[in-house]
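Visitor: What follows is a predicted structure for the sequence shown.
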Amino acid sequence: MIHVLFVCLGNICRSPMAEAVFRHQVEQAGLSRQISVDSCGLGGWHAGEPPHQGTRKILTAKGVSHDTLRARQIVQQDFDQFDYIVCMDEENLAGLKRLAPNAQHISRLMDHAANTGEANVEDPYYTGRFEYVYDLVEAGCQGLLAKICAEHGLSGTAK
């Protein structure tokens with residue numbers, strides 16, 4: 001099983017959106033038995049809460065399930081448990097590197113996206129641009145899934 005963790009600041013906007021979108025893509029590819037998905041935040045302010053209303057609204061509009069998602073804070077064991085730790089921006093990357101300076105399996109989501117012109121996924125908690133963030137997340141998740149499939153010899157079949 002390949003384990004993927006998405007990380008943002010509070011785990012109510014971007015990382016749960018990425019978790020839901022990536023899980024949806026994994027399911028559509030028929031790879032749910034090979035890839036597991038989770039998300040968390042660097043901070044614990046929202047632990048136990050569902051995703052932000054804006055995240056829930058865009059996921060519902062796109063037909064992506066999100067009912068079981070609840071915020072949690074990253075823990076040290078996550079660095080050992082997950083094969084891919086994917087964060088949303090430079091600030092998240094710096095925070096993760098402080099927690100695990102030698103970790104080699106941390107990347108930004110936009111590192112996996114083609115032709116977006118973005119290096120970071122902006123925080124819609126502050127900008128309100130949930131639709132734009134969804135588009136970035138979707139592109140990043142598609143690229144990440146292709147990378148994982150290539151690296152692990154997986155061949156999904158879109159349904």
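Guide: Structure's in. What do you need? Everything quoted here is computed from the prediction, not taken from an experiment.

Visitor: Which helix runs longest in this protein?
Guide: Among the segments of the chain that qualify as a helix by DSSP state H, the longest is helix 130-152.

Visitor: outside of it, which residues touch it?
Guide: 2, 4, 13-14, 17-18, 21-22, 25-26, 29, 31, 34-35, 54-55, 57-59, 62, 84, 86, 109-116, 118, 121-122, 124, 127, 154-156 (C-beta atoms under 8 Å, 6 or more residues apart in numbering). Where C-beta positions appear, they are placed from N, C-alpha and C, glycine not excepted.

Visitor: what about the strands in the protein?
Guide: Taking DSSP state E as the test, the strands found in the chain are 2-8, 35-41, 84-87, 106-108.

Visitor: returning to that earlier point: buried residues in the longest helix of the chain, which are they?
Guide: Burial within helix 130-152, assessed by neighbour count using 16 or more other C-beta atoms under 10 Å, is assigned to 130, 133-134, 136-146, 148-149.

Visitor: which one of these sits closest to Leu69?
Guide: Val137 (13.7 Å; C-beta to C-beta).

Visitor: now that closest one: how far from Cys149?
Guide: 18 Å (C-beta to C-beta, to the nearest Å).

Visitor: residue ranges with poor pLDDT in this protein?
Guide: Along the chain, the parts satisfying pLDDT under 70 run over 156-159.
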